[in-house]
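Undergrad: show me the folded form of this:
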Amino acid sequence: TLFVTLPPLEGGHYIRGTKIVLHVLKTDETAAWSGILNEELELLRGPDSRLANRDIAVLYDAGYDHWESTRDAINSVSMRWSTAEQEINVHSTGDCVSAEWPAVISILRFKTPRIPVTLADGSEKEMRSDVIDHLYLAISRARVHSTVILFNYTPNTCKYTVGLLNELRLRQDVCKIIDH
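TA: You can find the predicted model right below:
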């Protein structure tokens, strides 16, 4: 069993607000995650909302081979709420490391970890997926509302990601995981 130590929710540079909602999708289909994105934006921009478009960011990291199609799909969904005066912020996760918004929706494409690496002493080390790094970047951009949509997830391909998701499932005070 792999144990994961989660950061505290108070103090420091960690999210202080509502708990994170993490959607986990095994599919790579754009329609599946764009439907969730649409529902989240409806929640954030609905009639009772006090949020302006400038208060919301949609961040994405889909890897080099899916970057453009992911961005285009996000733009097509977010255009419904954007106006000429004010658009919803859409950025690559890596391009906004120090930025913060009251509400962030992150779209992350799971990438299978690389093959094991042979070290100088002849031993092998398992490479891990970069999901944990990108989850931290995405979640720490949100000040109050944070939703993450992890798509193309392949279970049991990275023990570190599996360990994190298992720990988050146990910590319902920190995160609500919705499997699709």
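
Undergrad: alpha carbons only for contacts and neighbour counts from here, please
TA: OK.

Undergrad: next SSE downstream of the helix or strand bottoming out on mean pLDDT in the chain?
TA: In the chain, the helix or strand scored least confidently by mean pLDDT, DSSP states H and E is strand 117-118, which has a mean of 72. Tracing the chain C-terminally past strand 117-118 and defining elements by DSSP states H and E, one meets strand 124-125 next.

Undergrad: hmm, what's the outermost residue in the chain?
TA: In the chain, the greatest distance from the average C-alpha position (CA atoms, centre = their mean) is reached by Asp121, at 36.4 Å.

Undergrad: state the distance from it to Ile177.
TA: 40 Å (CA to CA, to the nearest Å).

Undergrad: contacting residues for the residue farthest from the centre of the chain?
TA: Not one residue lies near Asp121 by CA atoms under 8 Å, 6 or more residues apart in numbering.

Undergrad: pLDDT score for it?
TA: pLDDT, Asp121: 86.

Undergrad: repeat for Pro116
TA: Here, the pLDDT recorded for Pro116 equals 69.

Undergrad: one step back: phi and psi next, for the residue farthest from the centre of the chain.
TA: The phi/psi pair for Asp121 (degrees, to the nearest 10) reads phi -80, psi 0.

Undergrad: and the closest residue to Cys175 other than its chain neighbours, how many neighbours?
TA: Spatially, and ignoring its direct neighbours in sequence, Cys175 is nearest to Ile20 (4.7 Å; CA to CA, 6 or more residues apart in numbering). When neighbours are defined as other CA atoms under 10 Å, Ile20 has 21 of them.

Undergrad: who's in contact with Ile20?
TA: Here Ile20 is in contact with Ile139, His145, Ser146, Thr147, Val148, Val174, Cys175, Lys176 (criterion: CA under 8 Å, 6+ apart).

Undergrad: nearest to Asp28 among the residues you listed?
TA: Val148 (15.1 Å; CA to CA).

Undergrad: just checking, the closest one touches Trp33?
TA: No. In this structure, Val148 is not within contact of Trp33 by CA atoms under 8 Å, at 10.3 Å.

Undergrad: biggest helix in this structure by residues?
TA: In the chain, taking DSSP state H as the definition, the longest helix is helix 30-45.

Undergrad: so what strands line up beside the following helix or strand past it?
TA: Using DSSP H and E, the helix or strand that follows helix 30-45 in sequence is strand 56-61. Strand pairing for strand 56-61, using DSSP bridges, gives strand 89-92 (parallel), strand 101-109 (parallel).
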